[in-house]
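Student: quick check, what structure comes out for this input:
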Amino acid sequence: MVIIKVIDKLLEKKRRLVINRRGGKNALLSYVLVPPPQLPVGTQYYVSHNSKMLCRHMIRVLVKFGYKVHLQHYLDTRVETGTHYDLFIGHNITFSRIAKAINPDAKKILLVTGASPQFENEQLKARSDNLYQRKGVRIEYEPSAADYIDLNFETADRVFHIGGDFVKNTWPARYHHKMWGYRNITPFKPVRKTKASGNFIYAGSFKLLRRGLDLLLEIFYRRKENIYVYASYKGEDKFVAAYHQELFETKNIRSMGFVNLAGRQFRRVVDDVDFVVYPTSAEGQSTTVLYLMSLGVLPIVTENCGFENIERIGFKIEDGTLAAVAAAVNCAVAAGPGLIEQKRRALAEEMKRYTPDSFEENFADFLNSAVPAHCLDPRFSTTRRLAAGEGSGRVSRDGKKTSGGLRTRGYHKKAGRGKPVVSIITVVFNGEKYLEETINSVLSQSYDNVEYVIIDGGSRDGTLDIIRKYEHAIDYWVSEPDKGLYDALNKGIDLISGSIFAALHSDDVYYDRSVLARVAGQFSDEPGLSWLFGNFGVIGADSVERGIYKIPGYDRKSLYYANFCYVPHPASFFKRDLIKTVGKFDLDYKLASDYDFFLRLGGDVKGKNVNYPLVKFRFHSARLSESQAERSRAERIRIQERHAQKDGPLMRSFYSLSIYLRLRLLNLDYYFKRALNSALRR
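Tutor: Now for the predicted structure:
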């Protein structure tokens, strides 16, 4: 505790900290003073007050986004007027005052860490009236200030608030469109208790009536189970006088004083309790209750406590009455070992949503949504989830090589929980006719963590003009001479960062906006999957769909004897780690290297046919595979010789006929439509 006080005193003297001085943008953060995140001050410092931990992790995200962070205490309203701020994040009653003192074009975000003070005052009055009816004792508190609410919310562009919908709904409905919720943070790794003691704990701070300690004292005075009571009695003379016997003269009610969350005594008590009971009337998300939950203690709380899924992870107090609290305690005591174990498992899983990593991911999502500089264009899937890093900040031009895109400006993709980066590579050479349609089919995807890389072979038509038109949404593009399609694809594979990747030709398009979301979901659902493929639609030069071509399941021998790659790589998606196993495209083959690549996928590599269309494949006169069909066929024969099978003539004939029939049967609808279209053109 002494070290914590020394650090706080040093920070008070400093008054203002500047973190990440090399940042290209200025963010003013008016909250609490904490050391720079890189200083190893220890977990105990941040456990001493949760606002310190929230502040630390907000700073970490702001630095990742390339901000120079100016940190000052929220009660300090002095502002450096010579600094132009791109972003202002402020807390509590001084928010509007500071917002008016800085440049008006700064994006202004209000940080809300609790329920509405108006709601709190109403609930506290109801609790006071209820106590008077029960015991004839009147305890009144100074109402929380609420006159600043409208001014703060009207000044703010967006509001970052603690808790779920219950907490949100305590604030005026007219401001709900500005609000984005976050979960509190616990520094402790989730623990699942295995022992049972039947004991309880209450841990709160001031305004004991609001937090329902009076109800618990009246209930446990008549019960045999032990309850540890952590509370501050400073300024609570009337409360202590009314409940002196329960607090200090009742054997099973153990008054422990103010809670030191980092103390050894507190951890010993945690080991001796099964339930934390907290019948609060108004809260954000109680830090102490959260810490106890992360250490495996089951919650008995009201909805007003701000937590979600209470009935799944603990026991819900239906309202703030004495009877409702007593009923919830009875349910907890009566619960059998099976139910307790079930709730403990659910609690340990739920606590994973309250980790620092989860908070940082949510805060980054909020910034992408709130600040246009991060979400460069919300229409584009490639700019909805950006993280700033080291970047040149300028387009590279090196002789014959030209490059650009988000990456050259310092923006990169980062995978989040359940949001792997999906990298798409488009190879193009003199492809101005269809390229824009291809680009838009990627940028319009509903999935929001897409990395898009375009490899141009040194085009001399309008291709580069189209690429530059969209470079604010393309992660990286490069234009330089190459050795052909597969050399360019290999170059793209080396440049991507996503764990999943695919190649989309410069004249093809994705079948619909949901393709990448479905693919990412498929890989997430089946962690052992190394690659997948699907069907494809057929379009012509006019982009009108002629039918859907259905792909049979992958079978290496059938592919070998078919003598062509019936699994088109634009309709295939791969784990990037797969390249370490099978290698990249073989540059000995200029036109049919994909056939060789898919033959190498045989063996233990797990693939899957998802059996729904993923791309629209464009057939037109200039298509590479049509204009050079003979050379491609010769290459496929060489590839067959390389992957020679030892089957006899009868088996070779069987596999050849088998794949032919499967393709024809699967695609009767396609062949019918093709024949119909052909007849209509005559």
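
Student: who does the one helix or strand Gly90 maps to pair up with?
Tutor: For Gly90, the enclosing helix or strand under DSSP states H and E is strand 87-91. Strand 87-91 has its sheet partners listed here by DSSP bridges as strand 25-31 (parallel), strand 107-112 (parallel).

Student: could you check the longest one and say which residues are buried?
Tutor: Spelled out, that is strand 25-31. Across strand 25-31, burial judged by 16 or more other Cβ atoms under 10 Å covers 25-31. The C-beta positions use only the backbone N, C-alpha and C, and glycine is treated the same way.

Student: looking at the residues you listed, which gets the smallest pLDDT?
Tutor: Least confident of the buried residues of strand 25-31 in the model: Lys25, at 84.

Student: contacts only, for that one.
Tutor: Remark: with contacts taken as Cβ atoms under 8 Å, 6 or more residues apart in numbering, Lys25 is in contact with 65-68, 86-87, 373.

Student: just flag the most distant two among those residues.
Tutor: Farthest pair in the contacts of Lys25 (Cβ to Cβ) is Lys68 and Ala373. Separation: 13.7 Å.

Student: more crowded one of those two?
Tutor: Lys68 (19 against 16; other Cβ atoms under 10 Å).

Student: from what I can see the more buried one touches Leu29, true?
Tutor: No. Counting by Cβ atoms under 8 Å, Lys68 does not reach Leu29; the two are 10.8 Å apart.

Student: overlap in contacts, the two.
Tutor: By Cβ under 8 Å, 6+ apart, no residue touches both Lys68 and Leu29.

Student: what's around Asn605, how many residues?
Tutor: Asn isn't right for residue 605; it's Val. The tally of other residues near Val605 (other Cβ under 10 Å) stands at 17.

Student: nearest residue to it in space, please, no chain neighbours.
Tutor: Counting by Cβ to Cβ, 6 or more residues apart in numbering, Ser530 is the residue found nearest to Val605 once chain neighbours are left out, at 4.9 Å.

Student: if I pick Ser593, what's in contact with it?
Tutor: Residues near Ser593 by Cβ under 8 Å, 6+ apart: 485-486, 585-587, 635.

Student: most neighbours among those residues, which one?
Tutor: In terms of neighbours by other Cβ under 10 Å, the contacts of Ser593 top out with Tyr486 at 24 neighbours.

Student: what strand or helix carries Asn609?
Tutor: Using DSSP H and E, Asn609 sits in strand 607-618.

Student: report pLDDT for the closest residue to Arg618 other than its chain neighbours.
Tutor: Nearest residue to Arg618, sequence neighbours excluded (Cβ to Cβ, 6+ apart): Asp507, at 4.6 Å. pLDDT for Asp507: 92.

Student: now do the same end-to-end measure for stretch 136-145.
Tutor: In terms of Cα to Cα, to the nearest Å, the two terminal residues of stretch 136-145 are separated by 27 Å.

Student: run through who's touching that stretch.
Tutor: With Cβ under 8 Å, 6+ apart, stretch 136-145 has contacts from 93, 117, 120-121, 124, 128, 131-132, 207, 209-210, 238-239, 242.

Student: buried ones among those?
Tutor: Buried positions within the contacts of stretch 136-145, assessed by neighbour count (16+ other Cβ under 10 Å), are 93, 117, 120-121, 124, 128, 131, 207, 209-210, 239, 242.

Student: from the residues you listed, which is closest to Ala282?
Tutor: Glu120 (4.0 Å).

Student: give the other helices and strands that whatever helix or strand that closest one lives in contacts.
Tutor: According to DSSP H and E, Glu120 maps onto helix 117-135. If you count contacts as 3 or more Cβ pairs under 8 Å, 6 or more residues apart in numbering; DSSP states H and E, helix 117-135 packs onto helix 213-220.

Student: helix 117-135 and the helix it packs on, what's the angle between them?
Tutor: With axes from the mean of the first three to the mean of the last three Cα atoms, to 10 degrees applied, the angle from helix 213-220 to helix 117-135 works out at 40 degrees.

Student: tell me the strands beside the helix or strand just after helix 213-220, with direction?
Tutor: Next along the chain after helix 213-220, taking DSSP H and E as the criterion, comes strand 227-230. Taking DSSP bridges as the criterion, strand 227-230 pairs within the sheet with strand 200-203 (parallel), strand 253-257 (parallel).

Student: mind putting these in CSV, distance to Phe380 included?
Tutor: Formatted as CSV, the strands paired with strand 227-230 follow (distance: least, Cβ to Cβ, whole Å):
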stretch, distance to Phe380
strand 200-203, 47
strand 253-257, 55
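
Student: those: which one's closest to Leu367?
Tutor: strand 200-203 (32.7 Å).

Student: other residues contacting the closest one?
Tutor: Strand 200-203 is contacted by residues 213, 216, 220, 225-231, 259, 269-270, 273-278, 288-289, 292, 297, 300, 329 when judged by Cβ under 8 Å, 6+ apart.

Student: residues touching Ala370, list them.
Tutor: Ala370 neighbours (Cβ under 8 Å, 6+ apart): 107, 109, 157-158, 180.

Student: which one of these has the most neighbours?
Tutor: In terms of neighbour count, Ile109 stands highest of those at 24 neighbours, by other Cβ under 10 Å.

Student: and the closest residue to it other than its chain neighbours, bridged to which residues?
Tutor: In space, Ile109 comes closest to Ile89 once its chain neighbours are excluded; the distance is 4.6 Å by Cβ to Cβ, 6+ apart. Bridge pairing for Ile89 (DSSP bridges) gives the partners Leu29, Ile109.

Student: hmm, Asn26 and Ile89 touching each other?
Tutor: No. The pair Ile89 / Asn26 is not scored as a contact, 11.9 Å apart, by Cβ under 8 Å.

Student: mind checking the end-to-end distance for stretch 133-149?
Tutor: For stretch 133-149, the separation between the terminal residues is 32 Å (Cα to Cα).

Student: quick check: mean pLDDT across it?
Tutor: The model assigns stretch 133-149 a mean pLDDT of 87.

Student: so which bits of that stretch are buried?
Tutor: By neighbour count with 16+ other Cβ under 10 Å, stretch 133-149 contains the buried residues 139, 141, 144, 148-149.

Student: and for stretch 457-469?
Tutor: Of the residues in stretch 457-469, 457, 459, 463-464, 466-468 count as buried by neighbour count, 16+ other Cβ under 10 Å.

Student: quick revisit: list the contacts of the helix holding Glu120.
Tutor: Residues outside helix 117-135 that contact it (Cβ under 8 Å, 6+ apart) are 114, 137-141, 143-146, 149, 170-171, 207, 209-210, 212, 214, 218, 242, 281-282, 304, 320-322.

Student: all strands in the stretch 451-600 of the chain, in order from the N-terminus.
Tutor: Secondary structure of the stretch 451-600 of the chain (DSSP state E, counting those that start in this stretch): strands located at 476-479, 500-503, 509-510, 531-539, 545-549, 572-575.

Student: nearest to Thr250 among those would be which one?
Tutor: The closest approach between Thr250 and any of the strands of the stretch 451-600 of the chain, judged by Cβ to Cβ, belongs to strand 500-503 at 60.8 Å.

Student: show me what that closest one is packed against.
Tutor: If contacts are counted by 3+ Cβ pairs under 8 Å, 6+ apart, strand 500-503 sits against strand 422-428, helix 485-495, helix 515-525, strand 572-575.

Student: can you tell me which of the ones you listed is packed in deepest?
Tutor: Of all these, strand 422-428 has the most neighbours on average by mean count of other Cβ atoms under 10 Å, namely a mean of 26.

Student: got the angle for that strand vs helix 485-495?
Tutor: Using the same axes, to 10 degrees, the direction of strand 422-428 lies 150 degrees away from that of helix 485-495.
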